[in-house]
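Undergrad: Everything below, folded, please.
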Amino acid sequence: MLSRRLPGAALAASLSLPALLAAPAAASTASTASMSSTASTATPAGAAIPAGAGFGASAAPRLIRDLRAAWQISMGQRVTVAVLSGGVDPEAPGLAGVVTTGPSFGNVADDTAEQGTVFASAVAGRGPSVSNASGTLGLAPAARILSIEVPQQAAGSTWQHDTASAIRYAARHGAQVIYVSGESLRDTPVLDNAVEYATARSSVVISAEFPFRPASPDASTVPGSLPGVLGAASVALPGLTQPRYRIASPANESILVSAPANLLTVSGPLGQGYQVFDYLAAGAWLTATVALIKSAYPHLPASLVDLALARSARDHPRGGYSARLGFGLLNPDGALHEAAMLVKVPVTASTAPGSLAASARLGPGPPPGVIDAVQHSPVMLALLAVLLAAGVLLLVMAGVLALRGRAPSGLRQWRLRRRRRGLTRAKAG
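TA: Next comes the predicted model:
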């Protein structure tokens, strides 16, 4: 049984995701034809979601305005986004000098770097340059990428252990945002502890959200369902380039907000022209927005990043939240403004007058005196002593009487025999 699986049919060696269609302009004719024909055979795994999922025609233009406004505050400077996938090509257009390659965890011999590279490009692509005109601009174009390879498929609980090790490594090496491209139905304590370790260091863990087949389309998976892990539902907004096909996001409480599933054209290992859509695009929007927040407010804990995203979301569903759409549509600019207010909220309780700070230490001084915590009247103490003595005396007397009334069985029989003899003699006389 596989612990980690991607939706849809398995694609060719150059493809591993239905959300990623590879048609790089720089590729050879044979390579392009091979990837295109393979991609066309993939079928979506899950019910198609309605275009926009309730978001009106104004949602897309407003989202673009929100992103541009957010860029006036932050573009992801000084933030490292860890991408846990099959790897990121550090020489891909738009990513040169942006990617730090970390270690690999587990057996990654059969994995390829397409998914991780195009995701990294969607998040942190630097755009075209004099040396490389085919680079594309990411959603947080000043962020850096830490590439950590983990297996895309593994048996038993191997994937959980490898992913946990990768999460710990990323948090320990300064990644403020950690994107996990895989998921599993099986939870393990080692994965739980790794997420707790990362959030304790103010790292924000983000999980891809797609149905895990053959389980129920809305089944909860890890790490998405773990406390502190963020996930986005993918929705196709009208007015933006529509995805080639759509896969309904799981409807469960791992969904925090909705994000566009619309097609993004990004750079990949072979150049420009890769198309990212569906849950991979939604994950890039969420990851980039969190990178903008952590850039502006690096010490904001993960729990408050979560709150900033939820409070700022637009077009709340009926009731304020739904498992299908979360708290509404992602709002990068609003999230930054919410974070600006939340960063002022103290995360530890203030000390009362006369109390010591948590860092205070006891110094030398005279020994403390005797502490008399409870005061009692001497008369009351004497009366209690008399009553206690009387009670003990009564218990002793009761015990003596009980012993007299209950002779051992041999003694009782002896007395009974003597009584019978006395009665016989009296009759004879």
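Undergrad: okay, and the helix or strand of the protein with the least pLDDT?
TA: Every helix and strand in the chain was compared by mean pLDDT, DSSP states H and E; the lowest is helix 29-40, with a mean of 26.
Undergrad: so after that helix, what's the next helix or strand?
TA: Downstream of helix 29-40, the next assigned helix or strand under DSSP states H and E is helix 59-71.
Undergrad: Just the buried positions in that following helix, please.
TA: By neighbour count on 16 or more other CB atoms under 10 Å, the buried set for helix 59-71 is 59-60, 62-63, 66-67, 70-71. Every residue, glycine included, has its C-beta placed from N, CA and C.
Undergrad: Now flag whichever of these is closest to Ala109.
TA: Minimum distance to Ala109 across the buried residues of helix 59-71 is 38.3 Å, recorded for Leu67 (CB to CB).
Undergrad: Excluding chain neighbours, what is closest to that closest one?
TA: Closest residue to Leu67 apart from its sequence neighbours, by CB to CB, 6 or more residues apart in numbering: Pro332 at 5.1 Å.
Undergrad: Pairing partners for the nearest residue to Ala281 once chain neighbours are set aside in the sheet, please.
TA: In this structure, Ala281 finds its nearest non-sequential neighbour in Leu264, 5.2 Å apart by CB to CB, 6+ apart. Beta-bridge partners for Leu264, by DSSP bridges, are Val276.
Undergrad: Next one: Leu264 from Ala284, what distance?
TA: Separation of Leu264 from Ala284 (CB to CB, to the nearest Å): 7 Å.
Undergrad: So for these two, which sits in the more crowded spot?
TA: Neighbour count, other CB atoms under 10 Å: between Leu264 and Ala284, Ala284 has more, with 28 against 24.
Undergrad: ok, the nearest residue to Pro298 once chain neighbours are set aside - contacts?
TA: Excluding its sequence neighbours, the residue lying closest to Pro298 (CB to CB, 6+ apart) is Gln176, at 6.5 Å. Counting by CB atoms under 8 Å, 6 or more residues apart in numbering, Gln176 makes contact with 79-81, 202-204, 291, 294, 298.
Undergrad: follow-up on the earlier one: for Leu264 and Ala284, list the residues in contact with both.
TA: With CB under 8 Å, 6+ apart as the test, Leu264 and Ala284 both reach 122, 276.
Undergrad: just checking, the residue nearest to Leu67 touches Ile64?
TA: No. Assessed by CB atoms under 8 Å, Pro332 is found out of contact with Ile64, at 10.1 Å.
Undergrad: Contacts only, for the closest residue to Ala171 other than its chain neighbours.
TA: Leaving aside its sequence neighbours, Ala171 sits nearest to Ala198 (CB to CB, 6+ apart; 4.0 Å). Ala198 makes contact with 167-168, 170-171, 178, 205, according to CB under 8 Å, 6+ apart.
Undergrad: I believe Ser254 is in a helix; please confirm or correct that.
TA: No. Applying DSSP: H, G, I helix; E, B strand; the rest coil, one finds Ser254 to be coil, outside a helix.
Undergrad: Share the number of residues neighbouring it, please.
TA: 24.
Undergrad: And for the one 4 residues further on?
TA: The number of residues packed around Ser258, counting by other CB under 10 Å, is 32.
Undergrad: for Gly174, same thing?
TA: Gly174 has 15 nearby residues by other CB under 10 Å.
Undergrad: Which of the helices or strands spans Ile293?
TA: If you go by DSSP H and E, Ile293 is part of helix 279-296.
Undergrad: And the next helix or strand past that helix?
TA: helix 302-312.
Undergrad: Cool, thanks, signing off.
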